[in-house]
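In: build me a model:
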Amino acid sequence: MTWIGAAWIETVPDDEWDGELAELHAAVVDRDNGRVDHIMAIHSLNPRAMAAHQAVYASAMAGTATLRKVERELIALVVSLENHCHY
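Out: Numbers count the residues shown, from 1 in each chain. Purely as a prediction, here's the structure:
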């Protein structure tokens, strides 16, 4: 497979978020580097979609009776590595 380039998707720059979108900022910003990851930023034109994506992520990482948090994090890491995803 040949890498041609990334798809371009219009987003709202996070320093321009207001209203419902601004309310989501604290939940989706990467606290390590102060920016919103692309996977979340693509939802900036649809705050309801962003809130839903964040809810699914939070639910997946919140805990289960069968996997500890460290195990969920390791699974997420391996999947990201396999997908060549930096986060």
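In: could you report the neighbour count for residue 49?
Out: Residues near residue 49, counting by other CB atoms under 10 Å, number 13. Where C-beta positions appear, they are placed from N, C-alpha and C, glycine not excepted.
In: and the pLDDT for it?
Out: pLDDT, residue 49: 95.
In: make sure it is indeed in a helix.
Out: Yes. Under DSSP: H, G, I helix; E, B strand; the rest coil, residue 49 falls within a helix.
In: which residue packs closest to it, ignoring adjacent ones?
Out: Nearest non-adjacent residue to residue 49, counting by CB to CB, 6 or more residues apart in numbering: residue 43, 4.5 Å away.
In: can I assume the one you found is in contact with residue 55?
Out: No. The pair residue 43 / residue 55 is not scored as a contact, 11.7 Å apart, by CB atoms under 8 Å.
In: between these two, who's got more neighbours?
Out: Between residue 43 and residue 55, counting by other CB under 10 Å, residue 43 is the more crowded of the two (22 against 11).
In: tell me which element residue 81 falls in.
Out: Using DSSP states H and E, residue 81 sits in helix 69-82.
In: return the set of buried residues in that helix.
Out: Of the residues in helix 69-82, none count as buried by neighbour count, 16 or more other CB atoms under 10 Å.
In: show me what that helix is packed up against.
Out: helix 47-62 (3 or more CB pairs under 8 Å, 6 or more residues apart in numbering; DSSP states H and E).
In: any idea of the angle the helix it packs on forms with helix 69-82?
Out: Helix 47-62 runs at 120 degrees relative to helix 69-82, counting by axes from the mean of the first three to the mean of the last three CA atoms, to 10 degrees.
In: for helix 47-62, which outside residues touch it?
Out: Residues outside helix 47-62 that contact it (CB atoms under 8 Å, 6 or more residues apart in numbering): 19-21, 24, 27-28, 39-40, 43-44, 69, 72-73, 76.
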